[in-house]
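*Asks:* next one to model:
(one chain, ligands or ions: 1)
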Amino acid sequence: MVTKDLVARRLVGIEMSGIRKMFELAGTDSVNMGLGEPDFNPPAHVVEALHDAAQGGKNGYGPSLGLPELRSALAHRIKDYWHEDVSADNIIVTAGATQGLMAIMQTFVDHGDEALVPDPGFVLYDAQTRICGGFPIHYSLLQENGFKPDLDEIQEKITPRTKLWVINTPGNPTGACMTRDEVRAASEIAEDHGIMIVADEVYDFLTFDEEHHSFLSHHDNVIWTNSFSKTFAMTGWRLGCIATKPEYVKAIETMHYYTVACPPTPIQWAGVAAIEGPQDDVERMKSEFRKRRDHITRRIQAIDGFTMQKPGGAFYAFPSYDFQVKSEDLALACAKAGLICSPGSAFGKLGEHHLRFSYACGIDEIDRGMDILEQVTQELPVRSGRRTATPLV
Ligand SMILES: Cc1ncc(COP(=O)(O)O)c(C=O)c1O
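*Replies:* This is a model prediction of the structure:
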């Protein structure tokens, strides 16, 4: 047993993510809508490239910032986002976006600095800021605002200690996608206040109704992060990237070197094949996710007591509900009945009275899961005294 005074103070009060707790309670034939990972395999040519790289002796250390071939391929992939010329010099290859985000925080967040982070938001931002000695300042993403940042609130929350503003579009857990005008307006505020934007755009390929709008197109003071995890169904391979201006690349490189030495070499060769090879699997996966998005939206909107907006991207449904029960207890009841989902409270205070369903499972499984949800909730007392489903869109 490790006592509290043994671990470094930076870890005090930091808990493991609430998303994983549900798994322990669920039976083996449960419907799994808990974890955010695609239920597809990586494309066959990418698996082959990994095999060829390992077999062909490409197993040694590589450059800290990543293989030049992969950095160039990534620069080429984002050239339409970038507001000026982009090259390999703008790219850092990371061990997933998780390590990329941590490297950014460790490089720029000092003791006492403030970082604006979304609530509800992906679980990393708050914890990583605190581990680095900073203060996460939460800004709200409310269902009635389409889960988009309220720019007046942002301006009120900016102080002389605000170092950076984390924005995630398409969003986890909400699935919300910012429009071009919203991205531009947020960029202008950051510009006016001299604040760096950390743009987490790991779901950039998964927008269903509109093209993706990137912060890279609008703002010079941006650090952008992306991942192979979702786009190529490579979650366990741990490959991601950062794109930013060369001065920032240099600053982050030091932290990156002392953390990972270099990203894994054979996996990076597979990454080159993923970007430069055929994109049919990615397109197929996207069209499957679109069908599931439409299906789960219809199912949830038809369940009494839930309010659901059709999400524009990623693969999450994040309905609110009107029952007198905490989201952790409701998610536990669902897990016991055979449906794993995440309590909204795992993503921040404002996530309370929401559940997150990852629709990274087939339509039949979605139906089985929604039947369980309907059963679990049908006897619950409703806060407003009314039991009607309220579709917002
Ligand atoms: C918004 C967001 N950012 C970052 C990550 C981390 O991705 P990676 O697997 O590349 O570490 C995730 C994973 O779920 C995510 O949803």
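*Asks:* let me see the contact set for residue 141.
*Replies:* 118, 119, 120, 121, 147, 148, 149, 171, 174, 176, 350 (C-beta atoms under 8 Å, 6 or more residues apart in numbering). All C-beta spots, glycine's among them, are computed from the backbone N, C-alpha and C.
*Asks:* include neighbour count, secondary structure and pLDDT when you put these into TSV, please.
*Replies:* Supplementary listing: these in TSV, determined by neighbours: other C-beta atoms under 10 Å; DSSP: H, G, I helix; E, B strand; the rest coil; pLDDT from 0 to 100:
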residue	neighbour count	secondary structure	pLDDT
118	29	strand	98
119	18	strand	98
120	27	coil	98
121	25	coil	98
147	24	coil	98
148	17	coil	98
149	23	strand	98
171	27	coil	98
174	32	coil	98
176	26	coil	98
350	20	helix	98
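*Asks:* okay, those residues in JSON lines with distance to the ligand next?
*Replies:* Shown next, in JSON lines, are the contacts of residue 141 (distance: C-beta to the nearest ligand atom, whole Å):
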{"residue": "118", "distance to the ligand": "10"}
{"residue": "119", "distance to the ligand": "14"}
{"residue": "120", "distance to the ligand": "11"}
{"residue": "121", "distance to the ligand": "8"}
{"residue": "147", "distance to the ligand": "13"}
{"residue": "148", "distance to the ligand": "16"}
{"residue": "149", "distance to the ligand": "15"}
{"residue": "171", "distance to the ligand": "7"}
{"residue": "174", "distance to the ligand": "10"}
{"residue": "176", "distance to the ligand": "12"}
{"residue": "350", "distance to the ligand": "17"}
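*Asks:* where does residue 369 land in three-state SS?
*Replies:* Under DSSP: H, G, I helix; E, B strand; the rest coil, residue 369 falls in the helix class.
*Asks:* okay, now it: neighbour count?
*Replies:* 24 (other C-beta atoms under 10 Å).
*Asks:* that one against residue 31, yeah?
*Replies:* Yes. Counting by C-beta atoms under 8 Å, residue 369 does reach residue 31; the two are 3.9 Å apart.
*Asks:* mutual contacts of those two, please.
*Replies:* If you check residue 369 and residue 31 against C-beta under 8 Å, 6+ apart, the residues they both contact are 339, 361.
*Asks:* that older thread, out of the contacts of residue 141, flag the one nearest to residue 43.
*Replies:* residue 171 (25.9 Å; C-beta to C-beta).
*Asks:* thinking the closest one is in contact with residue 312, fair?
*Replies:* No. Counting by C-beta under 8 Å, residue 171 sits too far from residue 312 to count as a contact (9.2 Å).
*Asks:* give me the common contacts of the two.
*Replies:* In contact with both residue 171 and residue 312: residue 177, using C-beta under 8 Å, 6+ apart.
*Asks:* can you count the residues close to the closest residue to residue 263 other than its chain neighbours?
*Replies:* With sequence-adjacent residues excluded and distances taken as C-beta to C-beta, 6 or more residues apart in numbering, residue 263 is closest to residue 93, at 4.6 Å. Neighbours of residue 93 under the rule other C-beta under 10 Å: 27.
*Asks:* and residue 93, what are its bridge partners?
*Replies:* residue 241 (DSSP bridges).
*Asks:* right, and it touches residue 268 too?
*Replies:* Yes. Residue 93 is within contact range of residue 268, at 6.1 Å (criterion: C-beta under 8 Å).
*Asks:* give me the common contacts of the two.
*Replies:* What both residue 93 and residue 268 touch, as defined by C-beta under 8 Å, 6+ apart, is the set 66, 67, 70, 239.
*Asks:* what's the longest helix in this protein?
*Replies:* helix 280-301 (DSSP state H).
*Asks:* what strands line up against the very next helix or strand once past that one, and which way round?
*Replies:* Reading on from helix 280-301 to the C-terminus, the next helix or strand found by DSSP states H and E is strand 306-308. Here strand 306-308 has these sheet partners by DSSP bridges: strand 320-321 (antiparallel), strand 390-391 (parallel).
*Asks:* list the buried residues in strand 306-308.
*Replies:* 306, 307, 308 (16 or more other C-beta atoms under 10 Å).
*Asks:* ok, stretch 342-354 next?
*Replies:* 342, 343, 344, 345, 346, 347, 348, 350, 351, 353, 354.
*Asks:* and those residues, which of them are in strands?
*Replies:* 342, 343 (DSSP state E).
*Asks:* turn the buried residues of stretch 342-354 into CSV, including distance to residue 257.
*Replies:* Below are the buried residues of stretch 342-354 laid out as CSV (distance: C-beta to C-beta, whole Å):
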residue, distance to residue 257
342, 35
343, 38
344, 38
345, 37
346, 33
347, 32
348, 33
350, 37
351, 36
353, 44
354, 40
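*Asks:* closest one of the buried residues of stretch 342-354 to residue 78?
*Replies:* residue 347 (27.2 Å).
*Asks:* domain map for this protein?
*Replies:* 9-41+281-377, 59-276 (automatic domain parsing).
*Asks:* and the residue nearest to residue 263, how close does it get to residue 321?
*Replies:* 41 Å (C-beta to C-beta, to the nearest Å).
*Asks:* so residue 175 makes contact with residue 312?
*Replies:* Yes. If you go by C-beta under 8 Å, residue 175 and residue 312 touch, sitting 6.5 Å apart.
*Asks:* for the ligand, see how far away residue 352 is.
*Replies:* 20 Å (C-beta to the nearest ligand atom, to the nearest Å).
*Asks:* quick one, phi/psi of that residue?
*Replies:* phi -60, psi 150 (degrees, to the nearest 10).
*Asks:* so who does the nearest residue to it once chain neighbours are set aside touch?
*Replies:* Take residue 352 and drop its neighbours on the chain: the residue closest to it by C-beta to C-beta, 6+ apart is residue 345, 4.8 Å away. Residues in contact with residue 345, defined by C-beta under 8 Å, 6+ apart, are 18, 326, 327, 328, 351, 352.
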